[in-house]
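>>> Structure, please.
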Amino acid sequence: MSSGIKTAAAMTVGCRLNQADTALIFGRLREAGYEIVGPDTDGPLDVIIINSCAVTASASQTSRNFVRACRRNHPEAKVIVTGCDSEVEKEFWQNEKSVDIYLPNPEKSKIMDYINGPLPKREAANEKIFMENSTGFYPFRCRAFIKIQEGCDNFCTYCIVPYARGSERSRHHAEIITEFGNLLAHGHKEIVLAGVNVSAYRDNSYGLSELLSRLLEFEGDYRIRLSSTEPHKDNIKLIPLMKDNPKICRFLHLPLQHGSDEILKLMGRKYTAEEFAEFAHMALSGIPGLHLGTDVICGFPGETAELFEKSCRFMESIPFANLHVFSFSPRKGTPAADFEDHVLPAEMKDRHLRLEALEGRLADKFLDAQVGRTLKVLIEKVRHDGEAEGWSDNYIRVISHVENAKRNSFADVLIKEKAGKILKG
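I've put the predicted structure just below:
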């Protein structure tokens, strides 16, 4: 290129942890002198990274479509594929002609070695405490993510993640604290702690609550949000922290997956419905205004009509703010892919629609309860009509007229009405 500046872009498929991984890659590329641009740039690219997802067959296909589109649109670029699908489908990616560099998950921290070549020797990731030696770079966002944890030891029967991400590992607390300070200095007002399961974070004496307490020592106007937290005995420590520290967002995403013990056992989940409910009600009563979200799967093999009804009754007994509804889809390489006693497609569709309707009722009730309250909103967009748009700490989209509104700033908004899934001030 005539300017001599090397450019790089990335397309991220999937979860917040993948977004954090992409940001760490951006940090390494910037240090090596690359300019980070958007993937839709019209100009030439030297490097383009596809950070893939494998949680469903659809996500895998999306990752593959992105790779081929990048090769068509940027024939001059060095195309790199990494992420979970690169782990799960090694043989495919090693032989995919659109890919210049195949980068397994454990090798992401060595991306510059791969770009500069020759390829280094690949190593398995088996250390319980790891370092990234990079700070995430988020050029297009108010919100930033910090990767604090990696891998999963649960091996739920439907889930490919343990095979894609490896065993549970935690990032060294000192490096997390340093990156947190760097992101605050860069101007980010909301920082999300990301991992496969952040509840499993453990670096010697630092568990998740101890890490949060250390991060709260930073001065300034910011907030911390937790990504998905699996049901875990240490979660109880989060309740007083959230209650007493307004800098921790009143938000918990706690995957349930099913409301019957029979299906939870088939799924390989490590708790009962009663245990889940006990913590949920404790959190909701202890943290006023808490947004409690969850994931639920319908049509899992063995889910009879009676067990589906049991699951629905259970979910109705807990005031969730939202449900992420999934229909069971067999994932090659997981035990549940070989389970029998499948639910018929028409019945699966009906159950999915019923859960979506339940989600709508639960969400409406939660949003209705916010009217008349004042919420702290991080403004992410100021519209041409003068309206400011952003997200409250308890994860609701809010639109309001804010005097002298500025992007990436906080505003206290009195909620006057609900319009669909949006609150208006």
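>>> what comes up buried for stretch 343-357?
Buried residues in stretch 343-357, counted by 16 or more other CB atoms under 10 Å: 343, 348, 351, 352, 355. C-beta: built from backbone N, CA, C; applies to glycine.
>>> likewise stretch 97-104?
98, 99, 100, 101, 102, 103, 104.
>>> try stretch 159-176
Quick answer for stretch 159-176 (16+ other CB under 10 Å): 159-166, 168-173, 175-176.
>>> now stretch 253-260
Neighbour counts over stretch 253-260 (16+ other CB under 10 Å) mark 253, 254, 255, 256, 257, 258, 259, 260 as buried.
>>> likewise stretch 31-47?
Buried residues in stretch 31-47, defined by neighbour count with 16+ other CB under 10 Å: 34, 36, 37, 39, 45, 46, 47.
>>> what does the helix or strand hosting residue 354 contact?
Mapping residue 354 onto the secondary structure by DSSP states H and E places it in helix 345-368. Residues outside helix 345-368 that contact it (CB atoms under 8 Å, 6 or more residues apart in numbering): 291, 296, 298-299, 303, 305, 308, 312, 315-316, 319-323, 325, 327-328, 343, 396, 418, 421, 423.
>>> which residues are contacting the helix or strand following that helix?
Next along the chain after helix 345-368, taking DSSP H and E as the criterion, comes strand 374-382. Outside strand 374-382, the residues that touch it by CB under 8 Å, 6+ apart are 142-143, 189-190, 223, 246, 388-394, 396, 398, 400, 402, 405-415, 423, 425.
>>> Pretty sure residue 295 sits against residue 315.
No. Between residue 295 and residue 315 there is no contact, the gap being 11.3 Å when judged by CB atoms under 8 Å.
>>> What distance do you get for the closest residue to residue 59 other than its chain neighbours to residue 388?
Leaving aside its sequence neighbours, residue 59 sits nearest to residue 53 (CB to CB, 6 or more residues apart in numbering; 3.9 Å). Taking CB to CB, to the nearest Å as the measure, residue 53 falls 32 Å from residue 388.
>>> Could you do residue 16 as well?
As judged by CB to CB, residue 16 and residue 388 stand 24 Å apart.
>>> avg pLDDT for the helix holding residue 354?
The pLDDT scores in helix 345-368 average 97.
>>> need the helices for the chain, in chain order.
With DSSP state H, the ranges of helices along the chain come out as 16-31, 57-73, 84-88, 90-94, 111-116, 161-165, 173-185, 208-215, 238-244, 261-267, 273-286, 305-316, 345-368.
>>> who does the fifth one touch, helix- and strand-wise?
Going back to what we said before, that points to helix 111-116. Packing contacts for helix 111-116, counted by 3 or more CB pairs under 8 Å, 6 or more residues apart in numbering; DSSP states H and E, involve helix 16-31, strand 78-83.
>>> For it, C-alpha coordinates in CSV please.
Output of helix 111-116 as CSV, limited to C-alpha atoms (Å, rounded to 0.1, in the frame of the first residue of the first chain):
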residue,chain,number,x,y,z
ILE,A,111,-1.2,-14.5,16.2
MET,A,112,1.7,-12.2,15.2
ASP,A,113,4.0,-15.3,15.0
TYR,A,114,1.5,-16.9,12.6
ILE,A,115,1.2,-13.7,10.5
ASN,A,116,5.0,-13.2,10.3
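>>> Just the residues contacting it, thanks.
25, 28-29, 32, 47, 49, 78, 80, 82, 101, 103, 107, 119-120.
>>> okay, now the domains of the chain?
Structurally, the chain divides into domains by automatic domain parsing as follows: 1-120, 370-424.
>>> Worst mean pLDDT among these?
For the domains of the chain, where the average pLDDT is lowest is domain 1-120, sitting at a mean of 85.
>>> sorry, back to before: which stretch among the domains of the chain comes nearest residue 228?
Of all the domains of the chain, domain 1-120 sits nearest to residue 228, with 7.8 Å by CB to CB.
>>> Return the distance of the closest one from the chain's centre.
19 Å (CA atoms, centre = their mean, to the nearest Å).
>>> wait, doesn't residue 149 sit right on residue 170?
Yes. Between residue 149 and residue 170 a contact is recorded at 5.3 Å, counting by CB under 8 Å.
>>> picking up where we left off before, tabulate the helices and strands packed on helix 111-116 in JSON lines, adding columns for distance to residue 239.
Listed next are these as JSON lines, based on distance: least, CB to CB, whole Å:
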{"stretch": "helix 16-31", "distance to residue 239": "22"}
{"stretch": "strand 78-83", "distance to residue 239": "34"}
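>>> what's the closest of these to residue 271?
Among these, helix 16-31 comes nearest to residue 271, with 22.1 Å by CB to CB.
>>> by contact count, what packs against the closest one?
Helices and strands touching helix 16-31, by 3+ CB pairs under 8 Å, 6+ apart, are strand 6-12, strand 34-36, strand 47-52, strand 78-83, helix 111-116, strand 143-147, strand 190-194.
>>> most packed of those?
Mean neighbours per residue, mean count of other CB atoms under 10 Å, is largest over the helices and strands packed on helix 16-31 for strand 47-52, with a mean of 27.
>>> any residues touching it, and which ones?
6-14, 18, 21-22, 25, 29, 34, 39, 59-60, 63, 66-67, 70, 74, 77-86, 111, 115.
>>> Check residue 142 and give its pLDDT.
85.
>>> Check the one 3 residues further on too.
Residue 145 carries a pLDDT value of 95.
>>> Would you quantify the distance from it to residue 260?
As judged by CB to CB, residue 145 and residue 260 stand 34 Å apart.
>>> cool, residue 354 as well?
15 Å.
>>> so what's residue 102 bridging to?
residue 81 (DSSP bridges).
>>> hang on, I meant residue 323
Legend: beta-bridge partners of residue 323 under DSSP bridges are residue 294.
>>> residue contacts, it?
By CB under 8 Å, 6+ apart, the residues touching residue 323 are 293, 294, 295, 296, 315, 355, 358, 359, 362.
>>> Pretty sure the first one sits against residue 320.
Yes. Here residue 293 reaches residue 320: they are 6.5 Å apart, a contact under CB under 8 Å.
>>> Okay, buried residues for stretch 57-74 please.
Using 16+ other CB under 10 Å as the test for burial, stretch 57-74 gives 59, 60, 62, 63, 64, 66, 67, 70, 71, 74.
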